[in-house]
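In: what follows is a predicted structure for the sequence shown.
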There are 4 protein chains.
Amino acid sequence: MNKGQGLKIAVIGGGSSYTPELVEGLIKGYEDMPVAELWLVDIEEGKHKLDIVGKLAQRMVRKAGIPMKVHLTLNRREAIAGADFVTTQMRIGLLEARKQDEHIPIQHGVVGQETTGPGGMFKALRTIPVILDICRDIEELAPEAWMLNFTNPAGMVTEAVTKYSRVKTVGLCNSPINFQKFLAEEYGVDEKQVLPEFVGINHLHWVTSALVNGEEKLPEILAGGKQYSAKNVPTVGWDPEFLQSLGAVPTYYLKYYYMTNEMFDEMKESLEKDGTRADVVSRVEKELFELYADESLEEKPKQLEQRGGAYYSEAAVKLMRSLYKGTNDIQTLNVPNGTVFDFLPEDASIEINCIVTAQGPIPLMPKYIPEHIKGLLHAVKSYESLAIDAAVSGDRGLALQAMTHHPLVPSVTVGKLLLDEMLEAHKPYLPRFFEEEEQQ
Amino acid sequence: MNKGQGLKIAVIGGGSSYTPELVEGLIKGYEDMPVAELWLVDIEEGKHKLDIVGKLAQRMVRKAGIPMKVHLTLNRREAIAGADFVTTQMRIGLLEARKQDEHIPIQHGVVGQETTGPGGMFKALRTIPVILDICRDIEELAPEAWMLNFTNPAGMVTEAVTKYSRVKTVGLCNSPINFQKFLAEEYGVDEKQVLPEFVGINHLHWVTSALVNGEEKLPEILAGGKQYSAKNVPTVGWDPEFLQSLGAVPTYYLKYYYMTNEMFDEMKESLEKDGTRADVVSRVEKELFELYADESLEEKPKQLEQRGGAYYSEAAVKLMRSLYKGTNDIQTLNVPNGTVFDFLPEDASIEINCIVTAQGPIPLMPKYIPEHIKGLLHAVKSYESLAIDAAVSGDRGLALQAMTHHPLVPSVTVGKLLLDEMLEAHKPYLPRFFEEEEQQ
Amino acid sequence: MNKGQGLKIAVIGGGSSYTPELVEGLIKGYEDMPVAELWLVDIEEGKHKLDIVGKLAQRMVRKAGIPMKVHLTLNRREAIAGADFVTTQMRIGLLEARKQDEHIPIQHGVVGQETTGPGGMFKALRTIPVILDICRDIEELAPEAWMLNFTNPAGMVTEAVTKYSRVKTVGLCNSPINFQKFLAEEYGVDEKQVLPEFVGINHLHWVTSALVNGEEKLPEILAGGKQYSAKNVPTVGWDPEFLQSLGAVPTYYLKYYYMTNEMFDEMKESLEKDGTRADVVSRVEKELFELYADESLEEKPKQLEQRGGAYYSEAAVKLMRSLYKGTNDIQTLNVPNGTVFDFLPEDASIEINCIVTAQGPIPLMPKYIPEHIKGLLHAVKSYESLAIDAAVSGDRGLALQAMTHHPLVPSVTVGKLLLDEMLEAHKPYLPRFFEEEEQQ
Amino acid sequence: MNKGQGLKIAVIGGGSSYTPELVEGLIKGYEDMPVAELWLVDIEEGKHKLDIVGKLAQRMVRKAGIPMKVHLTLNRREAIAGADFVTTQMRIGLLEARKQDEHIPIQHGVVGQETTGPGGMFKALRTIPVILDICRDIEELAPEAWMLNFTNPAGMVTEAVTKYSRVKTVGLCNSPINFQKFLAEEYGVDEKQVLPEFVGINHLHWVTSALVNGEEKLPEILAGGKQYSAKNVPTVGWDPEFLQSLGAVPTYYLKYYYMTNEMFDEMKESLEKDGTRADVVSRVEKELFELYADESLEEKPKQLEQRGGAYYSEAAVKLMRSLYKGTNDIQTLNVPNGTVFDFLPEDASIEINCIVTAQGPIPLMPKYIPEHIKGLLHAVKSYESLAIDAAVSGDRGLALQAMTHHPLVPSVTVGKLLLDEMLEAHKPYLPRFFEEEEQQ
């Protein structure tokens, strides 16, 4: 790394409403990790937002009085060249595409969600080819850079990068860090005093241990009924008998699997009342950008915390810092499986506790993996691997297999309907699936 | 084996309507495998049927002119003592219990089926403790005997015997032999000229190769749309595009997973029109026993072939014969996994091609295992293993986990409802689940 | 296959003294497997022997009165084009090279043997690049052909073909068929009535079961002390206590590992008395070719059976016939591991019972794999994989690692001495190891 | 743990000459980990030494002015009852037995060493039954205690405890901590700034990564030729070409495998000159106890550092402290394999980097496992598992298999000779092997 002259960070999708949080994190952590150049990149369609967010970032840095230069650009290669870290936060097809991902499945009686189910699959199909394009640039222009993926579906995107590029990458989700904060708050201790153990893959993990000052609090948590959730997920509660016999705390995303009916009903009702989550986010974003545009604003506005992705940037800055300094601290990350889960392929991405060395994360072996969950975990990973290969190849057959083997898709018939309708809806962002057709 | 003085076979559940087929098979195969004693055992409640079937069996043997003695008894230990083969074909709770297994899930929007879903789970919960009781007798009275399980759910029952007894056992299903016959008929060749390869577990397998005179016909079958099904399974057809991208022929039981909606609708409709499959079988059985009781009948009546379990007994006799003679021929059987599927436990039962030596079956490695199916296979096996342990322990928590992790159960809420209602409905046959309660 | 017009077989190394046995086999099996064309190919240096053997082959065929045409050629591509089977039996560097393989290790206190130890390693280094060249021709000119490897070290050569080409291949050794014959003779039964189970890799297997008419005779064999060996291996006997606690019959090649001292001493003594095994073979071959040249000879001479590789050709003809007819019979073959040994890589070649279908061999799962032997098996396979990669890459570092990790090489110092000396001795046949040097 | 009233530690083999180092460590670490009671236990034969060492310990504590009570006892159960930590450092048969372990193999041309080869095997055979006896006491009297094994062969002893008891245990060796110190010294940094990665099992590991301030220094170390060894191991150096092509630094114990000849020669020569290592240690111990007996001595004498087991106690105190405080720091420990090495059994003990939580160590996945070493690692682990089972069962057949499958034993003949002679030599300490005999 450019330890001497300060680091260079490239933020792909720099015009995102999350960027101020990232900038705040870099400012706070400047002493430990001096960043000389922060490059915010976006595409032509995002120029307006990039401009607003970028200027806010520049005001924030100026106020902080640190020598970090904030560059705004539409030239991705210029941003990447020589970078130490590349982060990605993007949404191919913007919120309009997300709306389709949420809307179309609901119409066919299936969970419509950004990262889970058919919606998540199509987000992967749209995103992976673009991410791999970025990887080509990194391989050429910054081969030593770490790519920090927090583009969803983060697990699948990370797995695609691992399988189909030589870029060093780690996937990041805010869900583990949120659980850690929940645990610390619940027990009135500092975050450093808690150590939860996560077993699973992105958006499909189970907490199988929760140490607080070295004491195992899991049985208490399972019995106590204190429940933990996230802002962007409906709030149906867990059945206590189920939790206790499971012996682990499932992530709230697992409600899509364990409480499919309830989640579907809640989503459908909410859709009728408020529109999709995409609509909600769209309104929130509009308000945020109005705030950001205010030239007197020189710090991250409180309202951003309502946005749903709380602590994403905190997680990212923490990871960069640990990689930079080689702190060997424990973080929950998306990394290749290796032999951790002996029933999954070695190159499958999993979400697991790691220590972060200067050379990258090293996974900690889980204390144990409940027998109960292996099947569901494998089923979802099978779907993910098929979807990744479909995204890379544009092969409709693979996409059909991915869709019909997704545990939330109730039949081949529904799966095919969804596939056809969603391929059509996202056609502009899925060139690989329509290439042959166009050639004819 | 008692090769010198002829074999002894004990048929547990000897009063079953299937017995005449088995007797026919033993008569036909007498020259290759001389059976000196055939013991038909049943319980007190089955005495009447045992009597009718038993007498028919005796007439059949007399007509055939072979020195095979048919014994009827309610004394299981007497039947088992010194046996070479013990077969089991039983239904704990009789057809009335099956009716509940089919009816209750449908009421809650879930597939109601004898071997798949909550119905299959409860059949396992009722059956496994009884089978293990029988195993205790075999361990004591006929430790060298082979136990041939064709009691459903055959895979789970076999796995329970493997895990919780020292009895030598093989599980048997008529589905593979039916596919073989279908293939032979389709191509106008003898059964010996076809070699399909089965990958999976009982009632959840995929045909991944189909050699006819050494030529691979699978692509042709997948493309051709010629479809294969069984009498006791609704007849919705496979989608050809799905089959081709899957690259394998799924057993018709997989329709419960791949076409859940359609199967549910068809079942529900049929339930309203004809009652459950249990009702249909009940009527068929009534007719069969009227036939059997006719003292002029000296052979298996044609009508038995309508019964649904066609070729079950053919499969059983074939297996006994191969074990007896050490023919080293290929049969598809339920045996422990070993290292065949590296993602499943070694003691999990799988359904796979084996050669049958005199010392037992030896599995053939599958040519390949499609990536697509690994997750679903693992998910169902996870449920099965949980249900087996629940059956043995009577642990409600394990039963809840089995139920809620079954891919066809849409939520913990529905799973709990089903568990409660079905535990209550089958209470007399589930003593291990109510022991503590009673002790209080 | 060219089932209509008769098969075409190409024999690479057709001038071998073994060829008359192969021809005899093809004649005997002609009815079952009509071979229209037999192409014997050899290199320029082998022209004289090819001529003698080829003419004998032609006389044999003529006498048999079958329409099989025997072609003699130095043009490998012509022989391969359109072939159904390609067999390889060759010795790169001829007997002179074998002499070095046997002689040099002995000088340094290490077993000097054609297939085991440093000698086997150098035979692999010389042979694999040539075999892969042949594979290039097969891929181009006969992509559907089966390549039957009986070139030693057969396991390593087969593994190299599997890893580094698309050619369909099976490795063959006469050791299993010899054990089968020994067993049949011992118990006075037909070969078809015995079924030994082999666990391991080529020249490193253990017999873990020996069924004779379906009865397990292994304990008897282990206790009885009747011992089995081969003509080309010294005759030190096994310790009975060792055999019994091992619970398996090791192949005689395992004496190099289990009785290293004794084997070394016997070899050294024999070297001083008779020269190397290569010298012995050289004399035998000389005599054989004198016989072959006799124009009145029209059949395989008895003396060939003294040659050491007895039944190699019988094994080969049996395998071709089973592939041709899809007999689904059991043969012991060298095939990729898949998941059979869960501690070895999936593409490692293993020697194991298979059924031979028209589409190729399918391995039978071993009944069990003794814990005792796993380490030694893995150690030798680690060496083999390193040596294969060294052969393909010409990388000296890999070769050094292969040599020093061979269980029979007592130290890095000795390993390096052997490596240096043998590289020098075989320099003409190891171009890949000397390329860079030459370029400088 | 007894966090409130201070910890209780029981030292089995408390009369060891190493004890003063342990006491020094506990004194230094008292602030972080207040130990209220230190129980030094020994057997009748060790009473004299216990008395001397124990009084020195009491003087050391008194001088330090801390309220830690040092108890001396021959009553093991009293010492264990309610303990938080139990450490074991013992030598069944004392130095006299070690002498035999070193002497007898050398007589037969085999490496004679305390932990490696036949000597290590017999140390395991003598020690494991005693350790398991201690475990019975801990299970009963201190079920929550951690047992810290530094009794050699530490890996095998730890594996035996894991397999055959319910005691929580960790195995400890000073070799990793020594390498860490070597690395820190070499690069002039603090120990905390280095992070070597160890792959393997006790006394058979390879360093596959060496981070110094986050930078990978392994290539430099492999190239540089700076070599690292230990006081109790002969000093033959590694061949640089070998190291570089290996790509890892082997522990010096691996010289017994990679430089068998040289090590043997050096040992034999040294035996003739100085007697066995046991003789040397015997002399050193005599001198140490003379020092310890001096009533004016109130601290650990410098001379102890010459003893060979340097930093053993530092490692032990560090581990206790981390378990006590839940520091989550990285230490190299002997723990069950789980899925780390997918080719070894899950309950095999391995030596690997772990983080130490208050609930015990959690292994870090190795970054990679060199293919080269898998075979040797597996071979030694196969031997170890056989020897452990032999120790527990007293089965001569298992012992013969362990001995003959040890990579350093050249033949069954030599293996049997060694087995017979060593069984006889250690007869008083191997009751399980002579039970039947005695009963006759």
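Out: Looks like it came in fine.

In: alpha carbons only for contacts and neighbour counts from here, please
Out: Will do.

In: beyond the longest helix seen in chain A, next helix or strand please.
Out: In chain A, taking DSSP state H as the definition, the longest helix is helix A:117-141. Note on helix A:117-141: by DSSP states H and E, the next helix or strand toward the C-terminus is strand A:146-149.

In: which residues touch that next one?
Out: By CA atoms under 8 Å, 6 or more residues apart in numbering or on different chains, the residues outside strand A:146-149 that reach it are A:84-89, A:157-158, A:167-172, A:316.

In: which residues does the very next helix or strand once past that strand contact?
Out: Sequence order places helix A:154-164 as the next helix or strand after strand A:146-149, per DSSP H and E. By CA under 8 Å, 6+ apart, the residues outside helix A:154-164 that reach it are A:124, A:127-128, A:131-132, A:135, A:149, A:151, A:167-173, A:201-202, A:334-336, A:347-351, A:384-385, A:388.

In: output helix A:154-164 as CSV - backbone C-alpha positions only.
Out: This file holds the C-alpha atoms of helix A:154-164, laid out as CSV (Å, rounded to 0.1, in the frame of the first residue of the first chain):
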residue,chain,number,x,y,z
ALA,A,154,-23.1,-9.0,-1.5
GLY,A,155,-22.4,-12.7,-1.1
MET,A,156,-23.1,-13.6,-4.7
VAL,A,157,-21.2,-10.6,-6.1
THR,A,158,-18.2,-11.5,-4.0
GLU,A,159,-18.4,-15.1,-5.1
ALA,A,160,-18.5,-14.0,-8.8
VAL,A,161,-15.4,-11.9,-8.3
THR,A,162,-13.6,-14.7,-6.6
LYS,A,163,-14.5,-17.2,-9.3
TYR,A,164,-14.1,-15.0,-12.4
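
In: for the next helix-or-strand element following that helix, packing partners?
Out: Later in the chain than helix A:154-164, the nearest helix or strand by DSSP H and E is strand A:168-171. Strand A:168-171 makes packing contacts with strand A:146-149, helix A:154-164, strand A:329-336 when contacts are defined by 3 or more CA pairs under 8 Å, 6 or more residues apart in numbering or on different chains; DSSP states H and E.

In: how about 10 Å then?
Out: strand A:85-88, helix A:117-141, strand A:146-149, helix A:154-164, strand A:329-336, strand A:349-357, strand A:360-363 (3 or more CA pairs under 10 Å, 6 or more residues apart in numbering or on different chains; DSSP states H and E).

In: residue in chain A nearest to chain C?
Out: Per CA to the nearest CA, A:D342 is where chain A lies closest to chain C, at 11.3 Å.

In: returning to what we had before: would you mind listing which of the contacts of helix A:154-164 are buried?
Out: A:124, A:127-128, A:131-132, A:135, A:149, A:151, A:167-173, A:201-202, A:334-336, A:347-351, A:384-385, A:388 (16 or more other CA atoms under 10 Å in any protein chain shown).

In: any idea of the mean pLDDT in the helix or strand hosting A:L417?
Out: Take DSSP H and E as the rule and A:L417 turns out to sit in helix A:412-425. Helix A:412-425 carries an average pLDDT of 97.

In: ok and it relative to helix A:117-141, angle-wise?
Out: Calculated by axes from the mean of the first three to the mean of the last three CA atoms, to 10 degrees, helix A:412-425 forms an angle of 50 degrees with helix A:117-141.

In: ok so, going back, and the two most separated of the contacts of strand A:146-149?
Out: Spatial extent of the contacts of strand A:146-149 (CA to CA) is set by the pair A:D84 and A:V157 at 19.9 Å.

In: among these two, which residue is more densely surrounded?
Out: A:V157 (29 against 23; other CA atoms under 10 Å in any protein chain shown).

In: model confidence score at the more buried one, please.
Out: Value for A:V157, per-residue pLDDT: 98.

In: next one: the one 3 residues further on
Out: The predicted local confidence for A:A160 comes out at a pLDDT of 98.

In: can you get me a residue count around it?
Out: Around A:A160 there are 26 residues (other CA under 10 Å).

In: kindly report the same for A:D190.
Out: A:D190 has 14 nearby residues by other CA under 10 Å.

In: give the closest residue to it in space, chain neighbours not counted.
Out: Counting by CA to CA, 6 or more residues apart in numbering or on different chains, A:D190 lies nearest to A:A184, which is 5.8 Å off, once chain neighbours are set aside.

In: and A:E24, by the same measure?
Out: That would be A:K300: by CA to CA, 6+ apart, it lies 6.8 Å from A:E24.

In: report the rounded mean pLDDT for stretch A:117-128.
Out: 98.

In: do stretch A:76-89 as well
Out: Rounded mean pLDDT across stretch A:76-89 is 96.

In: how long is it end to end?
Out: Distance across stretch A:76-89, first residue to last, is 14 Å (CA to CA, to the nearest Å).

In: so it, near chain D or not?
Out: No - Stretch A:76-89 stays clear of chain D (CA under 10 Å from any CA of the partner chain), getting no nearer than 15.1 Å.

In: spell out which parts of chain A neighbour chain D.
Out: Going by CA under 10 Å from any CA, the residues of chain A near chain D are A:193, A:195, A:211-216, A:323-330, A:337-342, A:353-355, A:357-368.

In: and those residues near chain B, which?
Out: Answer for the residues of chain A next to chain D near chain B (CA under 10 Å from any CA): A:341-342.

In: can you select the buried ones among the residues of chain A next to chain D for me in ChimeraX?
Out: To isolate the buried ones among the residues of chain A next to chain D in ChimeraX, judged by 16+ other CA under 10 Å, type:
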select /A:193,195,211,212,213,214,216,323,324,325,326,327,328,329,330,337,338,339,340,341,342,353,354,355,357,358,359,360,361,362,363,364,365,366,367
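
In: for chain A, give me the ranges with low pLDDT.
Out: Along chain A, the model assigns pLDDT under 70 to residues A:2-3, A:225-236, A:306-310, A:436-440.

In: and the strands in it, which stretches?
Out: Secondary structure of chain A (DSSP state E): strands at A:7-12, A:35-41, A:69-73, A:85-88, A:146-149, A:168-171, A:194-201, A:204-212, A:215-216, A:249-250, A:329-336, A:349-357, A:360-363.

In: residues touching A:E272, list them.
Out: By CA atoms under 10 Å, 6 or more residues apart in numbering or on different chains, the contact list for A:E272 reads A:E266.

In: A:T260 versus that one, what's the distance?
Out: Taking CA to CA, one finds A:E272 at 18 Å from A:T260.

In: same question, A:V23
Out: From A:V23 to A:T260 the distance is 38 Å (CA to CA).
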